[in-house]
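Asker: Below are the sequence and a predicted model; questions follow.
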Amino acid sequence: MTTTTTPPDHRVESPSERPDDAPRVKHPWLVVTVREIVVKLTNRSFMLSTGLTLVMIVAGAGVGAFVGGRTTDFTVAVTSAEGRAAVDAGRSAIESGDSGDTLAAEEYPDEAAARAAVGEEEVDAALIAGPDGWTVIGNDGVNRALAGALSDGVGAAVLEANAEAAGTTVAQLTAGTEITTELLVGEDRSGLAEAVGFVFAFLFYMAAIVFGMTIANSVLEEKQNRVVEILATAIPIRQLLYGKVLGNSMLAFAQIALYAVVGLVTVNVTGVAGDIGWILGASGWFIAFFVAGFAALASVWAVLGSLASRSEDLQSNTGPVITVIMVALFAGLFADGVWLTVASYVPVVSSVAMPIRVLGGDVPVWEPFASLVLTAVVAYLLLRLGERIYQRAVMQSGTALSWRQAMKLEA
C-alpha cells in the first residue's frame, strides 16, 4: 500500500486570501516606522555624514568668529608734525567700534626714508605732504579702511588749520552739518540674511534628495527581493507606505532640527550673528515648511520606487521630482521681488522661498500661515494619490510602470 504525500503549498497568500484568524500586527504602520528609523540609525554612512555636517557647521561659525575677531595694527610713516596730526585725526575711524584695530604714526626724517620703509614693509603706508596736497604711498596696495581713515584725518587736520588761520574754529565752520541716521525697518542685515537663506535652501535640497532616495531605494529593494509580498500577508500595503513615509520624514525632521539647534547655538556662542532673535523666527518657519514640503515629496518618492523594477528605472523616473527640488533651491537663492512672493505660495518651493521672505522682515504674519496650510493640503492630497498608485504598483514586477499604467491596475 502506498501513500501519496501532498507537497506543501509555498504560494504566498495575498491580503485578500488571508484568513480572518491570521495573526495581525497591531499598529503595523508604527512597526514599519520604527524599523525604518532603526535601519537608518544603524547605518554607518548616515551617522558619519551627519557627524561630519555638524562638524562643518561648528567649524564654519568658528572660522567666521576668528576672521571677524582678528585685529590689525596699522602703522603710517610721516615726515612732519602736520602728517602726525593728520594720522591722529584719522585714528577714530580705525579704532571706533569693537574691531580692536589700531592706527599709529611713525616719523621719518624725509620722504625717501618713508618710501624705503614702505618698500621694506616696515610700515603699511606713508603720508606725505606736498605743495599741491597730500599723497598716500603704498607698496602693492593700500588697505581700504586705512586709506579712508587717512583721507578723513587729512580733511580734519587741514580744516582745523584753515579755521585757525581764518580766526575761527572748526565747530563754528561745521555748525549745523551733523547727520543722524534713522532706520525705518531696523538694522540692515541683508548680507547675513543671504547667508542664512543659502543655508536653508541647501539643507532642504540635501535632505529632500538623501532621504527621498532612501525611501525610493527601500521600496525598490523590497519589491525586487519580493519581501513586500511576504509583508503583505501580515500588514496592509497602505500601512507599509505610511510607515516608510513617516519613518524617513521623522529622521529628516530630526536631522534638520539638530543642524538648526547646533548652528544657532554656535553662532550665539561665537557672537558671529550678534542678536539672533530675527534668525530664530525664520528658523522656526523653515522647520515648519520643511515638514510640510518633505511630507509632500515623501509619498512621491515611495511611488517612484514602486513604479520601477530596476535601479536604472528609478534613476530615469526621478528626474521630475529632482527638478522640483532644484527649482525650490534656485527660487530661494535667486528669486526676488514679485517672483519670490509667487514662489512662496507654490507648494514645496515655498519650503525655501517663504522662510527667506521672513528673513527679510517685511512679511505679514498671515502669509506664512496661509502658505503653510496650502502646502499641508497638497501634502495630504499627494499622500492619498500616492497610496492608490503604491498599492497597485508595488506588487507588480518584471517591467517599469508609468503613473497612468499603475492607475489602471487593480488594487
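Answerer: Now that the structure is in, tell me what you want to look at.
Asker: any low-confidence regions in the stretch 151-300 of the chain?
Answerer: For the stretch 151-300 of the chain, the stretches flagged by pLDDT under 70 are 170, 173-174, 176-193, 270-281.
Asker: Please enumerate the helices of it.
Answerer: Using DSSP state H, counting those that start in this stretch, the helices of the stretch 151-300 of the chain run over 170-173, 190-224, 227-231, 237-270, 277-307.
Asker: The stretch 1-150 of the chain now?
Answerer: 28-41, 44-69, 81-95, 111-119, 144-165.
Asker: Please identify the buried residues of the first one?
Answerer: This means helix 28-41. The neighbour-count check on helix 28-41 (16 or more other Cβ atoms under 10 Å) flags 28-29, 31-33, 36-37, 40 as buried. All C-beta atoms are positioned from the backbone trio N, CA, C, and that covers glycine.
Asker: I'd like these laid out as JSON lines, including distance to F74 and pLDDT.
Answerer: Listed next are those as JSON lines, based on distance: Cβ to Cβ, whole Å; pLDDT from 0 to 100:
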{"residue": "P28", "distance to F74": "71", "pLDDT": "82"}
{"residue": "W29", "distance to F74": "66", "pLDDT": "81"}
{"residue": "V31", "distance to F74": "68", "pLDDT": "84"}
{"residue": "V32", "distance to F74": "65", "pLDDT": "85"}
{"residue": "T33", "distance to F74": "61", "pLDDT": "86"}
{"residue": "E36", "distance to F74": "59", "pLDDT": "84"}
{"residue": "I37", "distance to F74": "57", "pLDDT": "88"}
{"residue": "K40", "distance to F74": "54", "pLDDT": "83"}
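Asker: Domain-wise, how is this structure divided?
Answerer: 27-65+189-408, 71-160 (automatic domain parsing).
Asker: Just name the most buried of those domains.
Answerer: When those are scored by mean count of other Cβ atoms under 10 Å, the highest mean neighbour count falls to domain 27-65+189-408 (a mean of 18).
Asker: if we can go back for a sec, can you say which of the domains of the chain is nearest to A175?
Answerer: Closest to A175 of the domains of the chain, according to Cβ to Cβ: domain 71-160, at 13.0 Å.
Asker: And the closest one, how far out from the chain middle?
Answerer: 42 Å (Cα atoms, centre = their mean, to the nearest Å).
Asker: Then stretch 371-379?
Answerer: The answer for stretch 371-379 is 21 Å, by Cα atoms, centre = their mean.
Asker: tell me the mean pLDDT over it?
Answerer: Stretch 371-379 shows a mean pLDDT of 92.
Asker: can you list contacts of that stretch?
Answerer: Outside stretch 371-379, the residues within contact range by Cβ atoms under 8 Å, 6 or more residues apart in numbering are 285, 288-289, 292-293, 295-296, 299, 344-345, 347-348, 350-351, 354.
Asker: Just the CA coordinates for it, please, in PDB.
Answerer: Taking Å, rounded to 0.1, in the frame of the first residue of the first chain, the C-alpha atoms of stretch 371-379 are listed here in PDB:
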ATOM      1  CA  SER A 371       1.300  79.200   2.600                       C
ATOM      2  CA  LEU A 372       1.900  76.500   5.200                       C
ATOM      3  CA  VAL A 373      -1.700  75.400   5.100                       C
ATOM      4  CA  LEU A 374      -1.700  75.300   1.300                       C
ATOM      5  CA  THR A 375       1.500  73.100   1.400                       C
ATOM      6  CA  ALA A 376       0.000  70.800   4.100                       C
ATOM      7  CA  VAL A 377      -3.200  70.300   2.000                       C
ATOM      8  CA  VAL A 378      -1.100  69.400  -1.100                       C
ATOM      9  CA  ALA A 379       1.000  67.000   1.000                       C
END
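Asker: picking up where we left off before, just put the domains of the chain in JSON lines and tack on distance to Q172.
Answerer: JSON lines is the format used below for the domains of the chain (distance: least, Cβ to Cβ, whole Å):
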{"stretch": "domain 27-65+189-408", "distance to Q172": "39"}
{"stretch": "domain 71-160", "distance to Q172": "11"}
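Asker: if we can go back for a sec, any idea which of the buried residues of helix 28-41 is the one closest to T233?
Answerer: P28 (11.6 Å).
Asker: Just confirm the closest one contacts T233, I think it does.
Answerer: No. Contact criterion Cβ atoms under 8 Å: P28 and T233 do not qualify, at 11.6 Å.
Asker: overlap in contacts of those two?
Answerer: Counting by Cβ under 8 Å, 6+ apart, nothing touches both P28 and T233.
Asker: Please report how far L231 lies from I237.
Answerer: Counting by Cβ to Cβ, to the nearest Å, the separation of L231 from I237 is 8 Å.
Asker: centroid residue for the protein?
Answerer: V199 (1.4 Å; Cα atoms, centre = their mean).
Asker: where's that residue relative to P355, distance?
Answerer: 10 Å.
Asker: next one: N139
Answerer: 46 Å.
Asker: tell me the SS of the closest residue in space to S299 that isn't next to it in sequence?
Answerer: Using Cβ to Cβ, 6 or more residues apart in numbering and skipping residues adjacent in sequence, the residue nearest S299 is G386, 3.3 Å away. Secondary structure assignment for G386 (DSSP: H, G, I helix; E, B strand; the rest coil): helix.
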